[in-house]
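J.: here is my input, please return the structure:
(one chain, ligands or ions: 1)
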Amino acid sequence: MQEITLEIIIRLVFGIRDAGRIGRLRALLPRLIEAGGSMSVAMLPPRLREPMARLPFSPYVRFLRVRAAVDAILFEEIARRRKEPEGTDVLSRLLATGLGDQEVRDELITLLIAGHETTATGLAWAFERLLRLPDVLRRLPDDEPYLDAVIKEVLRVRPVVYEAPRVLDAPLRLGGYEIPAGWYAGPSIPLVHHDAAVFPSPEEFRPERFLGGRQSLDGRQSRAWMPFGGGRRFCVGAQLALLEMRVIIREVLRRLELTAPDPAPEARRLANVTFAPARLTRVIARAHYPARTP
Ligand code: HEM
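T.: So this is what the prediction gives:
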């Protein structure tokens, strides 16, 4: 799943024509996520960065090396593309805004990283759930509205990102508590999604909740369904991610018959800033015979 979603975001960002040349990014980006996601790097206080950068073989040094290799490709691409006529890809649009090289690089790296790992994990959960829900699986992939509702229900029961924190610029009164300015406050997305007052029988997998489109959800439910966060920092890739999930699930189910090697549900495992299936969704896949055509 990660290979597919990475390929999609690379083509969208750089354009299909240039996607081949920046091939080295395909191997480097997963390594950057791994190196940068290690707790000893992600939680490293700024004052320790310099001493750690001098320790050979430390995880921080490994991270700096991969980041430098990725940056070299990105800056080279930015320089080359500034000389070329404008295309319709995301990089062309970014260059047209007048941002400087460093700013364009920052936008690129954000889109490339935020734009594929989360979607791949969402897809992994979709298959993990579907293989354990034969009645749901049977109605797929050709019933489009149902597929869309299934994806939304997957993201409700197994949200990929577990919180959307904000730093408070003023004290916040929440329930019986007063949280001071400067503190982090954020909803625990899995808990919000399991609030029985908003989603009745929250433990049950019921795509029907989302079948009637927006109209079928009351205001509280639309706000409480928050796999993509909310408010001003709502995920910019939400619609793209939902589209990718619909297409990929449909195409995989048309081509392959999937079964779970172990009927027990996969547990959640913390992976960087996401919750992923503990065994990365294990499946046995066989080609449909005869092939199912749309
Ligand atoms: C199933 C897939 C995805 C999930 C679960 C997801 C989830 C999230 C969440 C929870 C946030 C934080 C929102 C908040 O703080 O309120 C976020 C932000 C963001 N996402 Fe996604 N995302 C997904 C796919 C994507 C894709 C495909 C892209 C890029 C094309 C993307 C780009 C971003 C960016 C750039 C932000 C930061 C937005 C900002 O701070 O203004 N995401 N995403």
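J.: report the longest helix in this structure, please.
T.: helix 59-82 (DSSP state H).
J.: how about that one: buried residues?
T.: Residues of helix 59-82 classed as buried: 59-60, 62-64, 66-67, 70, 73-74, 77-78, 81 (neighbour count, 16 or more other CB atoms under 10 Å). For the C-beta atoms, the positions are set from N, CA and C on the backbone; glycine is no exception.
J.: widest-spaced pair of these?
T.: Largest separation among the buried residues of helix 59-82 by CB to CB: 59 and 81, giving 32.7 Å.
J.: quick one: contacts of the longest helix of the chain?
T.: Outside helix 59-82, the residues that touch it by CB atoms under 8 Å, 6 or more residues apart in numbering are 14, 18, 22, 24-25, 28-29, 31-32, 35-36, 38, 40-41, 44, 49, 52-53, 55, 91-92, 95, 101, 104-105, 108-109.
J.: for the helix or strand just after that helix, could you pull out the residues that count as buried?
T.: For helix 59-82, the following helix or strand on the C-terminal side (DSSP states H and E) is helix 90-96. Buried residues in helix 90-96, counting neighbours by 16+ other CB under 10 Å, are found at 90-92, 94-95.
J.: show me how far helix 90-96 is from its chain's centre.
T.: Its chain's C-alpha centre and that of helix 90-96 lie 22 Å apart, by CA atoms, centre = their mean, to the nearest Å.
J.: and that helix, anywhere near the ligand?
T.: No. Using CB under 6 Å from any ligand atom, helix 90-96 never reaches the ligand; the gap is at least 8.4 Å.
J.: tilt between the helix or strand just after that helix and helix 59-82?
T.: Next along the chain after helix 90-96, taking DSSP H and E as the criterion, comes helix 101-114. Orientation note: helix 101-114 sits at an angle of 110 degrees relative to helix 59-82 (axes from the mean of the first three to the mean of the last three CA atoms, to 10 degrees).
J.: does anything pack onto whichever helix or strand comes after helix 101-114? Which helices or strands?
T.: Of the helices and strands lying after helix 101-114 in sequence (DSSP H and E), the nearest is helix 117-130. If you count contacts as 3 or more CB pairs under 8 Å, 6 or more residues apart in numbering; DSSP states H and E, helix 117-130 packs onto helix 2-14, helix 134-138, helix 144-157, helix 238-255, strand 274-277.
J.: convert the C-alpha atoms of helix 117-130 to PDB, please.
T.: Only the C-alpha atoms of helix 117-130 are listed here, as PDB (Å, rounded to 0.1, in the frame of the first residue of the first chain):
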ATOM      1  CA  GLU A 117       2.000   7.100   4.900                       C
ATOM      2  CA  THR A 118      -1.300   8.000   6.500                       C
ATOM      3  CA  THR A 119      -3.300   6.900   3.400                       C
ATOM      4  CA  ALA A 120      -1.300   3.600   3.200                       C
ATOM      5  CA  THR A 121      -2.200   3.000   6.900                       C
ATOM      6  CA  GLY A 122      -5.900   3.800   6.200                       C
ATOM      7  CA  LEU A 123      -5.900   1.300   3.400                       C
ATOM      8  CA  ALA A 124      -4.200  -1.300   5.600                       C
ATOM      9  CA  TRP A 125      -6.900  -0.900   8.200                       C
ATOM     10  CA  ALA A 126      -9.600  -1.000   5.500                       C
ATOM     11  CA  PHE A 127      -8.400  -4.500   4.400                       C
ATOM     12  CA  GLU A 128      -7.800  -5.600   8.000                       C
ATOM     13  CA  ARG A 129     -11.400  -4.800   8.800                       C
ATOM     14  CA  LEU A 130     -13.000  -6.000   5.600                       C
END
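J.: centre of the chain to it, how far?
T.: Distance, stretch centre to chain centre, for helix 117-130: 9 Å (CA atoms, centre = their mean).
J.: next, the angle helix 238-255 makes with that helix.
T.: Computed by the same axes, to 10 degrees, the angle separating helix 117-130 from helix 238-255 equals 40 degrees.
J.: give me the residues contacting helix 117-130.
T.: By CB under 8 Å, 6+ apart, the list of residues contacting helix 117-130 from outside reads 1-2, 4-6, 33, 136-137, 140, 150-151, 154-155, 157-158, 160-161, 205, 227, 237, 241, 244-245, 248-249, 252, 258, 260, 265-266, 271-272, 274-277, 280-281, 283.
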